[in-house]
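Colleague: here are the coordinates; sequence isn't available:
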Ligand code: ADP
Ligand code: MG
């Protein structure tokens, strides 16, 4: 696959699709990690003498009131601070002002185009990969670089659209994501353990189906464990259960003995309650909100013997201190001889916020995109790049 390094960028207008979809509260960016992750590619392009034109979406634009909420101006300011360089922000997604600004760029200059989803207001042009829009944006540049891993599972005008009309490559962030995730999914070093958690089985069916044959063990915790436990005839009380997926769980349990389920739980009578206790048998008025100490020891056995681990979905309601022990204990089990990949938005924030970023090999920056990779799907924003 072509990367940014395969092009001569000097004096070229290089369109870079970045992922600046950061959380913003009252005009203030509360987490600038995604902007930081894009710096390597932008700095490289500037140093090669490119004229850098950046495209990103921010939030969703359905009605006029969404425009001001999702203005990229604060991102432009933060980017300029992080780069230590002027960034020209164009408050338009097309037209004379944008074209004139690009025309007057010198080598090494940076332009940030307004939120690509402003084009969704009338006719969802960005999100439906409108042919005319992709072609128009492509006409503003000479080379296209996709470095927005988090959007690569979508075929939008600002990735697939532009890429269909220009010589294209991937940037350093996408390259890092693929280099870390693909070998683990296609050719893992065994023993290979998958840990799944989170609230819903239905979100993870594709991941289970793709990885069950490839892995040696599948440890299931979190809310989704209770659908599996119920499928085995175990009382799960008020725990979160998806009754529509009991049959799927039964099928999986009948098909393989790789699945390891919790043997005890931290339970409470409600999510709001401030008390909880550990039990092996959940009663009717209790719900399971974290894995218990015996389960932690059981999971440890498999994790310690593994060479490769893929983890998606926290094993408890980690947002609440009472229920983060399982997720934390798992983080503490990893050692530097193992390849540990974290996929999924909440899983990434759990590992980072609990302080275990340095314990793992790779934390994917793409929530939905990383899940689709784990499901074995092709990402349209990446397949369009070609050889
Ligand atoms: P990711 O974003 O990493 O794919 P998910 O979105 O699937 O992860 O799951 C994260 C959510 O699962 C968290 O908000 C967490 O509170 C919830 N969760 C974990 N364990 C439980 C449980 N036992 N009951 C209800 N929700 C749970
Ligand atoms: Mg999530």
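Modeller: Received, thanks. Since the model is a prediction, treat every value here as computed from it, not as a measurement. Residues are numbered from 1 along each chain as shown. Ligands and ions are numbered 1, 2, ... in the order given.
Colleague: What is the neighbour count of residue 277?
Modeller: 10 (other C-beta atoms under 10 Å). C-beta coordinates here come from the backbone N, C-alpha and C atoms, glycine included.
Colleague: Just give the nearest non-adjacent residue to it, would you?
Modeller: residue 267 (6.5 Å; C-beta to C-beta, 6 or more residues apart in numbering).
Colleague: ok but the one you found is inside a strand, no?
Modeller: Yes. Counting by DSSP: H, G, I helix; E, B strand; the rest coil, residue 267 falls inside a strand.
Colleague: Going forward, the N-terminal residue is numbered 247.
Modeller: Sure, I'll start counting at 247 from here, so that last one is residue 513.
Colleague: quick one: contacts for it?
Modeller: 483, 485, 522-525, 528, 532-535 (C-beta atoms under 8 Å, 6 or more residues apart in numbering).
Colleague: Stretch 564-572 and ligand 1, are they touching?
Modeller: Yes. Using C-beta under 6 Å from any ligand atom, we find that stretch 564-572 touches ligand 1 at residue 565.
Colleague: Quick check, the residue in the stretch 297-446 of the chain closest to ligand 2?
Modeller: Closest residue of the stretch 297-446 of the chain to ligand 2, C-beta to the ion: residue 444 (6.4 Å).
Colleague: so what's that residue up against?
Modeller: Applying C-beta under 8 Å, 6+ apart, the residues near residue 444 are 450, 468-470, 558-560, 590, 592-593.
Colleague: And the pLDDT at it?
Modeller: Looking at residue 444, its pLDDT stands at 95.
Colleague: same check, this time on the one 5 residues further on
Modeller: Confidence per residue is given as pLDDT, and for residue 449 that number is 91.
Colleague: show me where the stretch 247-396 of the chain has helices.
Modeller: All helices of the stretch 247-396 of the chain, identified by DSSP state H, counting those that start in this stretch, fall at 279-283, 285-293, 311-315, 319-329, 342-349, 377-384.
Colleague: avg pLDDT for the fourth one?
Modeller: What it means is helix 319-329. Helix 319-329 shows an average pLDDT of 98 in the prediction.
Colleague: Quick check: residues of the protein near ligand 2?
Modeller: Within the chain, the positions near ligand 2 by C-beta under 5 Å from the ion are 591-592.
Colleague: Kindly recompute the last result at 6 Å.
Modeller: Taking C-beta under 6 Å from the ion as the contact definition, the chain meets ligand 2 at 590-592.
Colleague: Report the buried members of those.
Modeller: 590-592 (16 or more other C-beta atoms under 10 Å).
Colleague: returning to that earlier point: could you dump the helices of the stretch 247-396 of the chain to TSV with mean neighbour count and distance to residue 571?
Modeller: Putting these into TSV (neighbours: other C-beta atoms under 10 Å; distance: least, C-beta to C-beta, whole Å) gives the following:
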stretch	mean neighbour count	distance to residue 571
helix 279-283	18	26
helix 285-293	19	36
helix 311-315	12	37
helix 319-329	18	35
helix 342-349	14	52
helix 377-384	19	48
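Colleague: Go through those helices and name the closest to ligand 1.
Modeller: helix 279-283 (15.4 Å; C-beta to the nearest ligand atom).
Colleague: So what touches that closest one?
Modeller: The contact list for helix 279-283 (C-beta under 8 Å, 6+ apart) reads 265-268, 275, 321, 324-325, 328, 396, 419, 611.
Colleague: contacting residues for the residue in the stretch 497-633 of the chain positioned nearest to ligand 1?
Modeller: Per C-beta to the nearest ligand atom, residue 590 is where the stretch 497-633 of the chain lies closest to ligand 1, at 2.4 Å. By C-beta under 8 Å, 6+ apart, the residues touching residue 590 are 444, 558-559, 610, 613, 616-617.
Colleague: If you rank those by neighbours, which is first?
Modeller: residue 616 (29 neighbours).
Colleague: Packing partners of the longest helix seen in the chain?
Modeller: Across the chain, the longest stretch assigned as helix under DSSP state H is helix 418-432. Here helix 418-432 touches helix 285-293, strand 554-558, strand 585-588, strand 608-609, helix 613-620, going by 3 or more C-beta pairs under 8 Å, 6 or more residues apart in numbering; DSSP states H and E.
Colleague: And the next helix or strand after it, what does it pack against?
Modeller: Per DSSP states H and E, the first helix or strand lying C-terminal to helix 418-432 is strand 438-442. In terms of contacts (3+ C-beta pairs under 8 Å, 6+ apart), strand 438-442 is packed against helix 451-457, strand 463-466, helix 539-550, strand 554-558.
Colleague: ok so, going back, hang on, the residue of the stretch 297-446 of the chain closest to ligand 2 is in a helix, isn't it?
Modeller: No. With three-state DSSP as the criterion, residue 444 is coil rather than part of a helix.
Colleague: phi, psi of it?
Modeller: phi 90, psi -180 (degrees, to the nearest 10).
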